[in-house]
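Q: Coordinates for the following, if possible.
(4 chains)
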Number of protein chains: 2
Amino acid sequence: MIGAGIKRGTAELAILSVLEGGALHGYEMARRIEERTKGSLRFTLAALYPMLYRMELRGWIRGNWETSGNGRRRRCYRLTLAGKKKLSPLRKEWAELFGALRRLTKVSPA
Amino acid sequence: MIGAGIKRGTAELAILSVLEGGALHGYEMARRIEERTKGSLRFTLAALYPMLYRMELRGWIRGNWETSGNGRRRRCYRLTLAGKKKLSPLRKEWAELFGALRRLTKVSPA
DNA sequence: TCGCATATATAAGAATCCTATAGATAAGAG
DNA sequence: CTCTTATCTATAGGATTCTTATATATGCGA
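A: The predicted model follows:
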């Protein structure tokens, strides 16, 4: 799995990305992220929940309590318009970082 | 330029990478990193110096004071053996992160 | 001599991750 | 029926790594 120091800042992109496919609650987001990245990227719930609150405060996602068929209480989040708009430049910024690191690390041969 | 939240953890890789080409002092490292990434990745000296101390404590780089021809006092760092060994898995970890984010973000069409 | 590039250093604060801990309900095993 | 496991949310305390602001000092060109 990818270490904590390196993956800083990825949670935001990860959450916005998995929410693109529809509304999800925190627990399920964690599973999707791990599944889609084949276990490379994994977040503890204790990291995800505060991040979800922050992102809701910023207006990128909106959560509402839902009671599923089993009677389970969950907070389901969906992308807001602002969240959708945020996704594109965020992807671009990450792409730019990848390019920058590739240039930086490629120069000297191993 | 790439924002602060996203580039967390890149300083380590950046420093090790620029030092692969030979010994450098902090001020020059900052310039090389900015130059090689065409301005995408930029570090303030206030971020670099503490990072250099930490990396020296971890044994990845070693610095010694040198007095250049102008009489300028600089601390020049070079990679240690441990630092060279660290570089390869660190690159791999970043590559894995790139792959993970690509999978995560690619799934849903824009 | 004034300002700019060079060069290092520290302090205070913000953001995001971690582990540990807590509580609650549903479903399946024995 | 009870015990364990999976589901689900939540907070506290700590570590790391960025930020801006500030301090200090030298060499060089205008």
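Q: hey, let's count contacts and neighbours off CA atoms from now on
A: Noted.
Q: Around DNA strand C, which positions in chain A sit nearby?
A: A:4, A:7-12, A:42-44, A:46-48, A:51, A:54, A:70-72 (CA under 7 Å from any atom of the strand).
Q: quick one, strands of chain A?
A: A:24-25, A:61-67, A:73-79 (DSSP state E).
Q: Tabulate the ones you listed (a markdown table), appending mean pLDDT.
A: Output for those, formatted as a markdown table (pLDDT from 0 to 100):
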| stretch | mean pLDDT |
| --- | --- |
| strand A:24-25 | 97 |
| strand A:61-67 | 94 |
| strand A:73-79 | 95 |
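Q: List the buried residues in the biggest helix by length in chain A.
A: Scanning chain A for the longest helix, with DSSP state H as the assignment, gives helix A:81-106. Within helix A:81-106, the residues that count as buried by 16 or more other CA atoms under 10 Å in any protein chain shown are A:83-84, A:87, A:90-91, A:93-94, A:96-98, A:100-102, A:104-105.
Q: cool, stretch A:66-77 as well?
A: A:Arg74, A:Arg75, A:Cys76, A:Tyr77.
Q: Quick check: beta-bridge partners of the third one?
A: This means A:Cys76. Going by DSSP bridges, A:Cys76 is paired in beta bridges with A:His25, A:Asn64.
Q: so where's chain A shaky on pLDDT?
A: Residues of chain A meeting the criterion pLDDT under 70: A:69, A:106-110.
Q: can you list the residues of it near DNA strand D?
A: Contact residues (CA under 7 Å from any atom of the strand) of chain A with DNA strand D: A:5, A:25-28, A:45-47, A:49-50, A:72-76.
Q: Any residues of chain A in contact with chain B? List them.
A: A:2-3, A:5-10, A:14, A:17-18, A:20-21, A:33, A:36-38, A:40-41, A:91, A:93-94, A:96-101, A:103-105, A:108 (CA under 8 Å from any CA of the partner chain).
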